[in-house]
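Undergrad: task: produce atomic coordinates for the following.
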Amino acid sequence: MSKGMSLLKSMGWSEGSGLGSNKQGIKEPVQVETTINRQGFGFDDGSKSLKKCAHDFFSSYIREGGATSLSLAASLPRGQENPPPGVADLRT
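TA: Next up, the predicted model:
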């Protein structure tokens, strides 16, 4: 028996009943997806990191000759969804 289960049972909880003094709480444990690669909760390996986005952007910029001036925006003004023309979007 796990430590959590032992603790709950020592406080009067029984399997199938809800949590709380009036047994009104959840009856099933919260399900958590485990990650083996130690990246943490909510890690999505399908998304590119900022470092990877920046590397891809600058590689493309250099490949194309870098003829235009370059401006970067780490964030956008409130309410603005896309960067202005000529500003690189490095958001993932």
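Undergrad: pull the longest helix from this structure.
TA: With secondary structure taken from DSSP state H, the chain has its longest helix at helix 50-63.
Undergrad: give me the element Leu7 is part of.
TA: Counting by DSSP states H and E, the element that carries Leu7 is helix 3-10.
Undergrad: mind checking the SS state of the closest residue to Gly18 other than its chain neighbours?
TA: Distances taken as CB to CB, 6 or more residues apart in numbering put Gly25 closest to Gly18, at 4.5 Å, once the chain neighbours are dropped. (Each C-beta comes from the backbone N, C-alpha and C, glycine too.) At Gly25 the chain is in coil, as set by DSSP: H, G, I helix; E, B strand; the rest coil.
Undergrad: what's the spacing between Gly25 and Trp13?
TA: For Gly25, the distance to Trp13 (CB to CB, to the nearest Å) stands at 10 Å.
Undergrad: neighbour-wise, which of these two wins?
TA: Summary of the neighbour comparison: Gly25 and Trp13, criterion other CB atoms under 10 Å, with Trp13 having more neighbours (16 against 11).
Undergrad: check contacts around the more buried one.
TA: For Trp13, the contacting residues are Leu19, by CB atoms under 8 Å, 6 or more residues apart in numbering.
Undergrad: now the one 3 residues further on
TA: Counting by CB under 8 Å, 6+ apart, Gly16 makes contact with Lys27.
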